[in-house]
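Chemist: starting from these lines, generate the structure:
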Amino acid sequence: LCAVRVLGYRLKSDSSVGVMATAAQRAPEGWKRGGLLKGVGLPAPSGRYAVGCVDLMHQFPGDEKGSLLVRLYYPTATPDQPPCQYASWRPHERYTRGSLDFYKIPGAGLLAPITNALTSPKIPAVYGAPLSSSEVPVPDPMPQASADTAQSEQDHSEGVGNETGDAETNTETTPAGSEGVDNQSASQVTPAPPSISPFPVIISSHGLGAYRAVYSGICCDLASHGYVVAAVEHRDRSASVSHQRVLRPGTSEEEGQYQDEWLEYYHRPETEPEFPLRNRQVIQRADDARKSLDLLQLLNDGAEVRNMMEGNFDFKQFQGRMDVTTAAVMGHSFGGATTVQALSEDTRFRCGIALDCWMVPLHRDLYTAGIQQPLLFINSSNVFQWAENILNMMKLVKPADDDGVSSCRILTLRGANHFNQTDVLFVLPKFIVRNEKFRSVIDPEVAHAVNLEICHAFLKRYLLLDPTYAKDVPNLDGGEGHSEHILFGTDVDLSKATEQPATEEQLATDEEQPATEAVNEQQEQPGAEKSDL
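Modeler: Predicted structure coming up:
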């Protein structure tokens, strides 16, 4: 009865499909006004650009593995004319059911529609808004509060420091959160003249049980600084659920008549060895990252790209607007392992960022070959990480040079948990976030800001090759001025790792084994799969 009354109240008070507003009507952080629980939502992006996003599902010709689904986040020009619609953090109601099923919550079928009725979180990105152009001059960025001075949860409206600058400075900008147009009313945009500086690109990989929108806070912030970010939704059945569209029986591709299908998460039986499964998945995931970069190249070349999703967004506006040779890859947890795997396979990625990386899926041969590109591990405190996992990371770490700069190192966010590098702590109701499973010592707003400050500095150094970030960057290299929330190294007790080597027979059969130099072949570790997102 309570659920029915709440649902009835929600339908009367918030009957619109999205949070609609014009530029004149929009209140600050308007994306937090969706659903019954007001004020729940992601922090504002810290860059000078407003952010747009659009979903793109594309089938490469002759690819028997199926279609590729990405959400593109990008800097946007935001006209005042049509109303805008902030994109939903939950692209389809089916994702709620998928998340509940992933955590094996009883009654997921009943809880999913109730959850969807109670919460409708949006993200600070306008769905279907046009890509930014250079028709108006760049305004000076508004001053923002530093991450270390952010206060408590009630300070959600505070921004994040813009100390790192933007990746591209010759295009139109407006303060983040301004209006755009929805997917149905997006205007046709002429490809920009070649004099406009192109945007560098980043491929983002989600963790186990997540999906393409779960890292919107990070992706929106990166886009607000002038990057085009492609957040891939993996088809290896590691997502809580994955959306795919197939041709209706009896129709042709030219007709474009599709029907929806849902690829559910694969729950591994206890009798199935973990490493062979996860290694196959991480290889497929790295292939998804490669295809995502290929897709951006097609868009940049102005090639005809068929979008299997509904809508009339004009992807021709990306022609000549991206610098696909300036590409990075990043991911969280299983996405961190995907980042490492992708770097090892595709040298087009100049650098990578692995957030609270889960190293279990990676084969020992990868450590032998090493990673040539710069790589940064940003871990949470030892709630998720364990000694053997850290030791595998250390096999890739490189010593610092004479200037104290290491192209591959480990940093730790003090007091953070595994969820601090996702959107989860911002979109869930506060009474759930206070649960021990989700609670972090550090304020989520501060953790989000510090994490991004590290990412921006790393990207400025290794992706954009900004000479002012070549050395002496406190949040990367240590020294005076670094954030008090950053630990250079790890807080995990490495003495707890087992040193007995595994036999070839154990590796071949993936039996229960102690951690070793081949610890990536180990069985599931406490806190790995079940806590992952």
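
Chemist: any idea how many residues pack against Leu465?
Modeler: Number of residues near Leu465 (other Cβ atoms under 10 Å) recorded here: 11. Placement of C-beta: from N, CA and C, glycine included.

Chemist: for the strand or helix carrying Gly335, packing partners?
Modeler: Secondary structure assigned from DSSP states H and E places Gly335 in helix 334-345. Here helix 334-345 touches strand 199-205, helix 274-301, strand 322-332, strand 349-355, helix 364-369, strand 375-379, going by 3 or more Cβ pairs under 8 Å, 6 or more residues apart in numbering; DSSP states H and E.

Chemist: same thing but at 7 Å, please
Modeler: strand 199-205, helix 274-301, strand 322-332, strand 349-355 (3 or more Cβ pairs under 7 Å, 6 or more residues apart in numbering; DSSP states H and E).

Chemist: quick check: neighbours of the first one in the sheet, parallel or antiparallel?
Modeler: Same thing as strand 199-205. strand 228-233 (parallel), strand 322-332 (parallel) (DSSP bridges).

Chemist: would you list every one of the helices in the protein?
Modeler: Using DSSP state H, the helices of the chain run over residues 2-13, 94-102, 108-118, 216-224, 274-301, 334-345, 364-369, 387-394, 424-427, 430-433, 444-462, 474-477, 504-509.

Chemist: check which residues of the longest one are buried.
Modeler: Taking 16 or more other Cβ atoms under 10 Å as the basis for neighbour counts, the residues of helix 274-301 that come out buried are 274-275, 277-279, 281-300.

Chemist: on that earlier part again, deepest-packed of the strands paired with strand 199-205, please.
Modeler: Of all the strands paired with strand 199-205, strand 228-233 has the most neighbours on average by mean count of other Cβ atoms under 10 Å, namely a mean of 27.

Chemist: ok, and what's touching it?
Modeler: For strand 228-233, contacts defined as Cβ atoms under 7 Å, 6 or more residues apart in numbering pick out 69-74, 199, 201-205, 211-212, 215, 219, 222-223, 239, 242, 288-289, 292, 296, 322.

Chemist: do the same with stretch 471-481
Modeler: Stretch 471-481 is touched from outside by 403-405, 453-454, 457-458, 461, 482-483, 486, 488, with contacts defined as Cβ under 7 Å, 6+ apart.

Chemist: so who does the spatially most central residue of the chain touch?
Modeler: In the chain, the residue lying closest to the centroid (Cα atoms, centre = their mean) is Tyr215, at 3.6 Å. Contacts for Tyr215 (Cβ under 7 Å, 6+ apart) come out as 204, 206, 231, 332, 422-423.

Chemist: would you turn the residues you listed into TSV with distance to Ala108 and pLDDT?
Modeler: Formatted as TSV, the contacts of Tyr215 follow (distance: Cβ to Cβ, whole Å; pLDDT from 0 to 100):
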residue	distance to Ala108	pLDDT
Ser204	27	98
His206	20	97
Ala231	25	98
His332	24	97
Thr422	20	95
Asp423	20	93
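
Chemist: between those residues, which sits nearest Lys122?
Modeler: Lys122 lies nearest to Asp423 out of the contacts of Tyr215, by Cβ to Cβ, at 11.3 Å.

Chemist: burial count for the residue nearest to the closest one when sequence neighbours are not counted?
Modeler: Closest residue to Asp423 apart from its sequence neighbours, by Cβ to Cβ, 6 or more residues apart in numbering: Gly217 at 5.0 Å. Other residues near Gly217 come to 27 when the count uses other Cβ under 10 Å.

Chemist: now Gly217: how far from Ser344?
Modeler: For Gly217, the distance to Ser344 (Cβ to Cβ, to the nearest Å) stands at 28 Å.

Chemist: isn't Gln259 up against Thr251?
Modeler: No - look at Gln259 against Thr251 with Cβ atoms under 7 Å: they stay out of range, at 9.5 Å.

Chemist: circling back to that earlier point, highest neighbour count among the contacts of stretch 471-481?
Modeler: Using other Cβ under 10 Å as the neighbour test, the contacts of stretch 471-481 are led by Phe458, with 27 neighbours.

Chemist: ok, that residue touching Leu376?
Modeler: Yes - assessed by Cβ under 7 Å, Phe458 is found in contact with Leu376 at 5.0 Å.

Chemist: joint contacts of those two?
Modeler: Going by Cβ under 7 Å, 6+ apart, residues that sit against Phe458 and also against Leu376 are Ile353.

Chemist: tell me where the model's unsure across the stretch 1-150 of the chain.
Modeler: Residue ranges of the stretch 1-150 of the chain with pLDDT under 70: 1-28, 33-39, 78-84, 134-150.

Chemist: tell me, how many residues neighbour Arg248?
Modeler: The number of residues packed near Arg248 is 12, by other Cβ under 10 Å.

Chemist: any idea how far His206 is from Val232?
Modeler: For His206, the distance to Val232 (Cβ to Cβ) stands at 8 Å.

Chemist: distance of the residue nearest to Thr412 when sequence neighbours are not counted relative to Gly481?
Modeler: Leaving aside its chain neighbours, Thr412 sits nearest to Leu487 (4.1 Å; criterion: Cβ to Cβ, 6+ apart). Distance, Leu487 to Gly481, using Cβ to Cβ: 15 Å.
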